Each structure stands twice: as C-alpha cells, then as structure tokens.
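# The following comprises the amino acid sequence and a computationally predicted model.
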Amino acid sequence: MGYELFISWRYLKAKRKQIFISIISLISISGIALGVAALIITLSVMNGFRNDLREKIIGMSSHVVVLDQRNMGLEEPNIVQKKIEKIESVVAVAPFVYGQAILRNGDRTSGAVIKGIFPKETKNVASLLTHLKEGNLDYLEFPLKKNDSSQGKILPKNLGKSEKGIVMGEVLAKNLHLSLGMNVLLISPMDMATQLGMIPRMEKFRLVGIFDSGMYEYDANLAYIFFPVAQKLFNLGERATGLEVKIDNIFKANNVASLIQKELGYPYWARSWMVTHRNLFAALKLEKVTMFIILVLIVLVAAFNIISTLMMMT
C-alpha cells in the first residue's frame, strides 16, 4: 500500500466505537468531491460557451475591421486593401458597405442592417457560407444570370434581367413571410431626386439565400446584397464603409490592428474583434471569475468539515 493511501485509510478508518465519525468523514469527503466536480464542470461549460460565442461572432464578421474615423467612408478602398494585404499575418481582406434600410413584403415591414459584399472575397474573410441554410451566396451578384441551370427552385424562370439578389437571416425572412425566389422591397433612407422632389430610394430584390448564424441579433436584423448595388443604394460613389481583415491567429488581432493603424495612419481606424466586442467578453470573464469564487468557497466549506472531523478523531 502506498504512503498516501496508508495515511488516507488511517484517518478514514474508525475504531469500533467511532463508526459515526467514520460516516461523517465519508460525507465530508463526498462534499468536497462534489464541490471540486462542480468547479471543474462549471468552468468547462463557461469556457465552452465563451469559445462558441466567440466563433459565432467572428464567423459573421472578421478579426480586424478598418474604418474611416470621419464616417465618410474609405476612398480608393482597392489601394488601401493592397497595403493591408502586405502586412505580416494578414490572410485576406474584403471591402464592405454598411447601411440601414426598411424591408417590405406586402403589409409586413421590418428594419434591417444592409451589408454590401463581394461574395468571393467575403468567403475568404468570414464563414458566412457555413451558416447558409438555403440558397447560394453567389446569386448576390448583379445582374442575376437567367441561364444558370443550377439555380433550380431558387430563381424562377421569369427572373427579370435587372433584378438584384439579397441574402438574409432566417428570423428576418420568417418575419417578412419570405421564402427563396420571392421578391422584397428595400427602402433606403437616402433620398433620390425626382420630378416630384426628393423621395426615398426604393429597390426590388429577389431572395436568393437564407442563413442561420445561431445568434438572434444577426438572424433577425442582417441582410446581404451585392457591393456595387449597396454603394449606389447608400450614395457612396466609389467609396466603401470599411475593410474586413482575416489574420492567421485570432489572438494576434490587437497586434495586427496596431500594425495596420501604423501603416495607414489618419483618418483610418483599425479595430480588432477584441475591442469591438470588449464589453461582452469582459462580462463573460467577470461571470466566470464570480462562479469560480463561489465554487471555491463550497470546496473550502467541505474541506473544513474534513478537518473538524479529523480533529474529533484524534
């Protein structure tokens, strides 16, 4: 018998007249075992939840985002993109346009965040394709091709030459009572000059894809359209709202963001996912620390029970 087992058995084994004390010892040991198990399980669940949440958030956006501090959009985004691609640890870069609009289908209306992207470039930056439940991200490209036999039920035969594609979250599509191939009216807050004066810009889109990210905020509010269409819709000209950057290690995001900021300077602003979602992950960290302290106290209480039992046996 090993030394540790001998000591353990010596203090656990009660004399014939002290069976009650032995039972107390077993109860105390069971208590500390349960406390330690609860500590390990809870921290593991918290870590798993944090990692899953991080993957979902980063999967729908990017590791680093480059914006214009003046909120005027990035001029000549192609030139800026080439500069960023030369920086160490950068894997891919993609431009995007952000804006808010109203989506309408019949008598059903919903506000939405509209993101203009190039499908091929965005696939290299974010994992949107893995969240696509129905449809095809490539059908965002405008104008839609009528001679694509792979479209199947997504795009009916009566597809117009000027129709544009849109991909939206599953919750948003359900709220608007939309399914693949249906039309939806997009109303932009940007005014358009007509003979009757300034009126909101309105465009008709064909629903060509539905995604399910697992996060309600994205699924209920986000929609994607083709990048040049978004530029026109929000009166950006040749500008982009920003650039999304993917790097080889997500935990190097702050360092890479600093390198990008140093390379580009003012008026550009490079922001990592750690900064963008700082409050959320800080709250998760605080919750994890709080749970750790509570469970450690449980283990300490069980440990004091064992100590008091051993003192009674001596």
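Done, it's in. All figures in this text were calculated on a predicted structure; none of them were measured in a lab.
# burial count for the residue nearest to residue 236 when sequence neighbours are not counted?
Closest residue in space to residue 236, ignoring its immediate chain neighbours: residue 73 at 5.4 Å, by CB to CB, 6 or more residues apart in numbering. (Glycine included, C-beta is placed from N, CA and C.) If you count neighbours by other CB atoms under 10 Å, residue 73 ends up with 20.
# Check residue 86 too.
With other CB under 10 Å as criterion, residue 86 counts 8.
# how near is it to residue 263?
Plainly put, residue 86 is 8 Å away from residue 263 if you go by CB to CB, to the nearest Å.
# same question, residue 88
Where residue 263 is concerned, residue 88 sits at a distance of 11 Å (CB to CB).
# the more surrounded of these two?
For residue 88 versus residue 263, neighbours defined as other CB under 10 Å are more numerous around residue 263 (14 against 10).
# Confirm that that one sits in a helix.
Yes - Residue 263 forms part of a helix when assessed by DSSP: H, G, I helix; E, B strand; the rest coil.
# shift numbering so it begins at 653
In the new numbering, first residue 653, that becomes residue 915.
# could you list every residue that touches it?
735, 736, 739 (CB atoms under 8 Å, 6 or more residues apart in numbering).
# same deal with residue 842?
Taking CB under 8 Å, 6+ apart, we find residue 842 in contact with 751, 852, 853, 885, 886, 887.
# Could I get the pLDDT score of the second one?
Okay, so that is residue 852. If you check residue 852, the pLDDT there is 76.
# Double-check that it belongs to a helix.
No - secondary structure of residue 852 (three-state DSSP): strand, not part of a helix.
# Now do the SS call for residue 750.
When the rule is three-state DSSP, residue 750 gets the label strand.
# Kindly state the beta-bridge partners for it.
residue 767 (DSSP bridges).
# That one touches residue 894, doesn't it?
Yes - if you go by CB atoms under 8 Å, residue 750 and residue 894 touch, sitting 7.3 Å apart.
# Using CSV, write down the CA coordinates of stretch 950-957.
Taking Å, rounded to 0.1, in the frame of the first residue of the first chain, the C-alpha atoms of stretch 950-957 are listed here in CSV:
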residue,chain,number,x,y,z
ILE,A,950,-18.0,25.5,-1.5
VAL,A,951,-14.8,23.4,-1.6
LEU,A,952,-13.4,25.3,1.4
VAL,A,953,-16.5,24.5,3.5
ALA,A,954,-16.2,20.9,2.6
ALA,A,955,-12.5,20.9,3.5
PHE,A,956,-13.2,22.5,6.9
ASN,A,957,-15.7,19.7,7.6
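# didn't residue 861 look like it was pressed against residue 822?
No - using CB under 8 Å, residue 861 and residue 822 do not qualify as a contacting pair, with a distance of 10.5 Å.
# In terms of packing, which of these two has more residues around it?
More neighbours surround residue 861 than the other of residue 861 and residue 822, with 25 against 17 (other CB under 10 Å).
# Specify the beta-bridge partners of the more buried one.
Those that pair with residue 861 in a beta bridge, by DSSP bridges, are residue 787, residue 819.
# ok, it to residue 780 distance?
Residue 861 is 9 Å from residue 780, by CB to CB.
# Common neighbours of those two, please.
789, 876.
# Just give me the neighbour total for residue 730.
Neighbours of residue 730 under the rule other CB under 10 Å: 10.
# Could I get the buried residue list for the helix or strand where it lies?
Element membership for residue 730, per DSSP states H and E: helix 729-737. Of the residues in helix 729-737, 729, 732, 733, 736 count as buried by neighbour count, 16 or more other CB atoms under 10 Å.
# Please consider this matter closed, and thank you.
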